[in-house]
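Participant: what's the 3D shape of this:
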Amino acid sequence: MTPNQQGILRTPVNDNDHSAGPADAPVTLVEYGDFQCPHCFRAHPIVTKLQKALGNKLRFVFRNFPIAELHPYAVKAAEAAESVAAHAGPDAYWKMHHLIFEHQQDSPNALDEPHLLRYAESAGADADDVAADVEDGTFEEKVKADFMSGVRSGVNGTPTFFINGVRFDGDWTSPNEFKAALLEAAAEGART
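Facilitator: Next comes the predicted model:
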C-alpha cells in the first residue's frame, strides 16, 4: 500500500453488512470489532450514545474482526451473531450485538456457547438453530470475509473505526472528540 492509500476503507459498505441508521445518512461509521475485546466493550456504550446523539445523521456498521489468538470466544460469538441475523433478522442481530457486549465482562466464560445460546434466544432466535450453525461453521466464511476486508483496509487491532471511508485515528475514548469528528464528516457529507 502506498502512503496515500493507508487508512482507507477498501470494502465499501454493502448489503452483507449489519447496518443501523439510514443508508443515506451523511455520515457512515464502520467499526471493525471483536466481541471479546475489552476495548470494544469500552467502545460499545460510546458508540451507542453517539448513535442516539446523531440520530438520522449517522449510519453505523459493525464488521467482525475476531482476534482469535487473544480472544478464544470471539470467532464463535461472531458466528452466533451472524446466525441470529440469518434466522431472526436485523433487529435480532442488533439485540444480540448489544447482549454480547453488555455481558462480555460478566465472567471469564460469558461468551462460551451456553451463554451465547441464551443471548441468541433472548434476541429472538431459536437456540437450536444457532447451535447447529455454530457447530457446522455455517457463518465461518462471512466472519472471515469481514476479517479480510479489515486486513485489506489496514486494520490490525480492535476497535478500528472508519468515518465515511477514512480511518479515524483520533481518540475514540473521548466522546467529545469522536462526536466532533462525526459531526464534521456529517457536515461535509451534507455539502457534497
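Participant: all contacts plus neighbour counts: C-alpha atoms, from now on.
Facilitator: Fine.
Participant: where do the strands sit along this protein?
Facilitator: Assigned by DSSP state E, the chain shows strands spanning 18-20, 27-33, 58-64, 160-163, 166-167.
Participant: Let me know which of those strands is the nearest to Glu141.
Facilitator: Closest approach to Glu141 among the strands of the chain is made by strand 58-64 (11.2 Å; CA to CA).
Participant: Give the residue spans of this structure that score low on pLDDT.
Facilitator: Across the chain, the ranges flagged by pLDDT under 70 are 1-6, 189-192.
Participant: ranges for the helices of it?
Facilitator: Along the chain, counting by DSSP state H, helices occupy 38-54, 74-88, 90-103, 113-123, 127-136, 140-152, 175-191.
Participant: just to revisit the earlier point, highest average neighbour count across the strands of the chain?
Facilitator: Across the strands of the chain, averaging neighbours per residue (mean count of other CA atoms under 10 Å) puts strand 27-33 on top, at a mean of 26.
Participant: Provide the strand pairings for that one, with the direction of each partner.
Facilitator: Using DSSP bridges, the strands paired with strand 27-33 are strand 58-64 (parallel), strand 160-163 (antiparallel).
Participant: ok, back up a step: how about TSV for the strands of the chain, with distance to Glu140 added?
Facilitator: Output for the strands of the chain, formatted as TSV (distance: least, CA to CA, whole Å):
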stretch	distance to Glu140
strand 18-20	16
strand 27-33	16
strand 58-64	11
strand 160-163	21
strand 166-167	26
